[in-house]
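# The following block contains a protein sequence and its predicted model.
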2 protein chains.
Amino acid sequence: MVTLQDIADKVGVSRTTVSNVLHGNTKRVSKQTMDKISKILEQEGYVPNMGSLIMTKNSSRIIGLTLGSSTFHHMHALQTPFISEFLSKLQLEAESHGYYVMIISGKEVSSVVDIASRWNIDGLILFAFSEEKYRLLTQKLNKSMVLIDYYPSKGFFHYNVGIDDYSGGYLIGDYLYNNNHKSALFIAETKKDSDYQRWLGFKDAQEQNGEICTSYRYNILNPHLSDVKSYYQTNLEKFIEARALAFSSDYRAMEAMQNLFQLGVNIPDDISITGFDDSLYCKFARPALTTIKQNVRLKAQLAFSQLLKIINNELITEASIHSPVELVIRNSVKPY
Amino acid sequence: MVTLQDIADKVGVSRTTVSNVLHGNTKRVSKQTMDKISKILEQEGYVPNMGSLIMTKNSSRIIGLTLGSSTFHHMHALQTPFISEFLSKLQLEAESHGYYVMIISGKEVSSVVDIASRWNIDGLILFAFSEEKYRLLTQKLNKSMVLIDYYPSKGFFHYNVGIDDYSGGYLIGDYLYNNNHKSALFIAETKKDSDYQRWLGFKDAQEQNGEICTSYRYNILNPHLSDVKSYYQTNLEKFIEARALAFSSDYRAMEAMQNLFQLGVNIPDDISITGFDDSLYCKFARPALTTIKQNVRLKAQLAFSQLLKIINNELITEASIHSPVELVIRNSVKPY
DNA sequence: CTGAAAGCGCTTACAG
DNA sequence: CTGAAAGCGCTTACAG
């Protein structure tokens, strides 16, 4: 490892001077010295030691990426296509701004606090944190944080970057409505957060001509249900009567297609189905799944730039940003 | 941030002593002082500053995770289910051993070198690096490294953790053979590395009773092919004649199922299909995909422990380790 | 058993 | 325009 001192010795100046050219303090160094130092710097492939920088700058330029719950939409959090894509885009974005991303397990709040303090992390991006955990975290750790896809209870201040879940739900509800599916059911794993917003959009779309969409149409599929098959068996009649099922995730939609198929249901002839996320594989479902797609790259960029603003104490006009969403029409819906 | 000095002041000792209890040098400190210091340490929630540790210990305890090519099996590397699962398991493993994982974009070798030096990274885990890039990297960066799923040319020393690709291929070839598919075709994106090993296993299984499996049966599906549909159109006759297609990835297998279905082919009645990887969604394919599953958690653990050994200069008995693989039988193969 | 001191690689007032 | 010096938080010989 070549140090500043090494460079200084080589050129025959003090390390103060080398440091000055490193930071572009051109007024403090003569053109001549500058050039000489720049040349050697380049030649020796000098890179600063981050350990040293952490100490002197009191900042590490590390962004922590933390997953609050290890599972998310019934699979390992990092395995959900969208989270891993987010991570890769975030890392690119960070790297191009001279930041680094460290993965921190969010299982224990205390260990997030420990690691974030230890590393003097500049900011944190949080996935799938419950409100309780988030509160605890903010209490114990005073760092810039941005939450992803978060819908906290009212009056609870936080920064958030999400997608327009409501519009996603609306697009689906509207699309089904226009295909004459006016008593479609909405199926999600919870009654809160993203799921609930999607439902709201769905409901409004279904009610657009004065129709009524009661909460009877909001169905819960327990994420811990071991016997999904019997769930479909039990509800078969109800589902066939509804003629259309709008799921809050691709995974559940595809799972439904499989189970219903086994029960002799023809999709989309008997029942139309929609998903949410546009996972890599859902174009291969049979029939290919109609779903909602989000712009993950944009989301990662928004999250990073928002976090940067918080870190730098810049003015933030909106504490909660939502990236747009679009309907991807494939073949899992048939006009009724 | 509470520092060692703060603690020392509070207790009324020198920071040397505090440091000693921190490191369990029990013989150098009286029981009494020890207890007092431990108590305050706990009470104040002391955590060391990693910046400082990097400097004094000349080690950061950071493991870099680097993706050599941004795409992998035609999707973004971090998006392949197995890489993201690997990452999450690796992070757990690292955290439990007091290590940290930083994501480093592997697009440019020079930036890997830069970041790894800057952070004084302890070791690197490398995905999807070409041999050329890996050589360049080792030339410029003297760090402990473990490659994942790597098959370099002969005589090129390196540490590798992979899966038993050969056995995976064999299991598939054997399973097809036993279902009377003795002229099945193997389809992959390349003729090297994992793909080639899988082919070798496949071939050996198909040749088990003296039959011959010529390279005619090794088909390449160009990963950059834009018009996959016409690929299947063109080869339809050949594929129907073969009656079984063994793919080197689930993605391609599912894609094939979709395209063949559109061409009026019945799967598995007309053509049997197998995949490789056991992606989250392939149980939802229709028919559900028979494929090879690997133990990603074990792989992550092996990779980490191997890297740790290299870092600590421990004796390593095997430079290349392979985790086992298993056949997951679903419904995409029909006895011929 | 305890602590003073040097050193890790850098930045940043400050003096000249 | 240039550099000596203090300081960031820790560890580690070493002296007592």
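Happy to help now that I have it. Only a predicted model underlies this, so the values are computations on that prediction, with no experimental measurement involved.
# Bridge partners for A:E326, pull those for me.
In this entry, A:E326 is beta-bridged to A:K293, by DSSP bridges.
# A:I292 is in contact with that one, correct?
Yes. A:E326 is in contact with A:I292 according to C-beta atoms under 8 Å; the separation is 7.0 Å. All C-beta spots, glycine's among them, are computed from the backbone N, C-alpha and C.
# okay, the two: which has more neighbours?
A:I292 (28 against 15; other C-beta atoms under 10 Å in any protein chain shown).
# In contact with that one, which residues?
A:168, A:171-172, A:274-278, A:325-328 (C-beta atoms under 8 Å, 6 or more residues apart in numbering or on different chains).
# Repeat the analysis, applying 10 Å as the threshold.
A:163-165, A:167-172, A:175, A:198, A:201, A:246, A:248, A:250, A:274-278, A:325-328 (C-beta atoms under 10 Å, 6 or more residues apart in numbering or on different chains).
# Quick check, the residue in the stretch 201-336 of chain A closest to DNA strand C?
Relative to DNA strand C, the nearest point of the stretch 201-336 of chain A is A:N312 (14.7 Å; C-beta to the nearest atom of the strand).
# Mark which of the contacts of A:I292 are part of strands, please.
A:163, A:246, A:274, A:325-328 (DSSP state E).
# Can you show me the helices along the stretch 151-300 of chain A?
A:165-178, A:193-206, A:228-242, A:250-262, A:296-311 (DSSP state H, counting those that start in this stretch).
# In CSV, list the ones you listed along with mean pLDDT.
Compiled in CSV, those are given as follows (pLDDT from 0 to 100):
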stretch, mean pLDDT
helix A:165-178, 98
helix A:193-206, 96
helix A:228-242, 96
helix A:250-262, 94
helix A:296-311, 95
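# I'd like these as a markdown table, with mean neighbour count and distance to DNA strand D appended.
Converted to a markdown table, the helices of the stretch 151-300 of chain A look like this (neighbours: other C-beta atoms under 10 Å in any protein chain shown; distance: least, C-beta to the nearest atom of the strand, whole Å):
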| stretch | mean neighbour count | distance to DNA strand D |
| --- | --- | --- |
| helix A:165-178 | 23 | 43 |
| helix A:193-206 | 22 | 38 |
| helix A:228-242 | 15 | 51 |
| helix A:250-262 | 22 | 44 |
| helix A:296-311 | 20 | 19 |
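# looking at the ones you listed, which is closest to chain B?
helix A:250-262 (4.1 Å; C-beta to the nearest C-beta).
# Now do the closest one: distance to the chain's middle.
Centre-to-centre, helix A:250-262 and its host chain are 25 Å apart (C-alpha atoms, centre = their mean, to the nearest Å).
# does chain B sit close to it?
Yes. Helix A:250-262 reaches chain B (C-beta under 10 Å from any C-beta of the partner chain) through A:250-251, A:253-259, A:261.
# of the residues you listed, closest to B:K36?
Within the residues of helix A:250-262 next to chain B, proximity to B:K36 (C-beta to C-beta) peaks at A:Y251, which comes in at 54.5 Å.
# Run through the residues that contact the closest one.
Counted by C-beta under 10 Å, 6+ apart, A:Y251 has contacts A:73-75, A:80-81, A:189, A:275-277, A:279, A:281-282, B:280-281, B:284.
# Among the residues you listed, list the two that are farthest apart in space.
Among the contacts of A:Y251, A:E189 and A:Y281 lie farthest apart (C-beta to C-beta), at 19.3 Å.
# So for these two, which sits in the more crowded spot?
In terms of neighbours (other C-beta under 10 Å), A:Y281 is the more surrounded of A:E189 and A:Y281; the figures are 22 against 19.
# Correct me if wrong: that one contacts A:D250.
Yes. Between A:Y281 and A:D250 there is a contact under C-beta atoms under 10 Å: 8.0 Å.
# overlap in contacts of these two?
In contact with both A:Y281 and A:D250: A:81, A:289, B:281, B:284, using C-beta under 10 Å, 6+ apart.
# Out of the residues you listed, which one has the lowest pLDDT?
Least confident entry in those, by pLDDT: A:P81, with 74.
# what about that residue, neighbour count?
26.
# That one contacts B:P81, doesn't it?
Yes. Counting by C-beta under 10 Å, B:P81 is a contact partner of A:P81 at 7.7 Å.
# Give me the distance between A:K238 and A:R217.
10 Å (C-beta to C-beta, to the nearest Å).
# on that earlier part again, looking at the shared contacts of A:Y281 and A:D250, which one is closest to DNA strand D?
A:P81 (39.6 Å).
# Name the nearest residue to the closest one, sequence neighbours excluded.
A:S279 (5.1 Å; C-beta to C-beta, 6 or more residues apart in numbering or on different chains).
# so A:M145 touches A:K133, yeah?
No. Using C-beta under 10 Å, A:M145 is not in contact with A:K133, being 12.0 Å away.
# Looking at the two, which is more packed in?
It is A:M145, of A:M145 and A:K133, that has more neighbours when counted by other C-beta under 10 Å, with 22 against 18.
# Shouldn't the more buried one be within a strand?
Yes. According to DSSP: H, G, I helix; E, B strand; the rest coil, A:M145 belongs to a strand.
# so what's the nearest residue to it once chain neighbours are set aside bridging to?
Leaving aside its chain neighbours, A:M145 sits nearest to A:L124 (4.6 Å; criterion: C-beta to C-beta, 6+ apart). A:L124 has these beta-bridge partners by DSSP bridges: A:G64, A:M145.
# How about A:F186?
Applying DSSP bridges, one finds that A:F186 bridges with A:Y218, A:A246.
# which residues touch it?
Contacts of A:F186 by C-beta under 10 Å, 6+ apart are A:169, A:172-173, A:176, A:195, A:198-203, A:206, A:213, A:215, A:217-220, A:242, A:244-248, A:274.
# Please repeat the previous calculation with a cut-off of 6 Å.
By C-beta atoms under 6 Å, 6 or more residues apart in numbering or on different chains, the contact set of A:F186 is A:199, A:202, A:217-218, A:246.
# Which pair in the residues you listed has the greatest spatial separation?
Largest pairwise distance in the contacts of A:F186, by C-beta to C-beta, is 10.3 Å, between A:Y218 and A:A246.
# neighbour-wise, which of these two wins?
When A:Y218 and A:A246 are compared for neighbours, A:A246 comes out ahead with 33 against 18, by other C-beta under 10 Å.
# Just to check, that one is in contact with A:T274?
Yes. With contact defined as C-beta atoms under 6 Å, A:A246 and A:T274 form a contacting pair (4.8 Å).
# Distance of A:A256 relative to A:S272?
Counting by C-beta to C-beta - A:A256 and A:S272 are separated by 11 Å.
# In space, what's closest to A:A242 - neighbours in sequence excluded?
A:L185 (4.5 Å).
# What's the local residue count around that neighbour?
Using other C-beta under 10 Å: A:L185 sits among 21 other residues.
# A:Q208 now?
Quick note: A:Q208 (other C-beta under 10 Å) scores 13 neighbours.
# got any residues that touch both of A:A246 and A:T274?
With C-beta under 6 Å, 6+ apart as the test, A:A246 and A:T274 both reach A:I172.
# What residue spans form the domains of chain A?
A:4-48, A:62-163+A:297-323, A:165-294 (automatic domain parsing).
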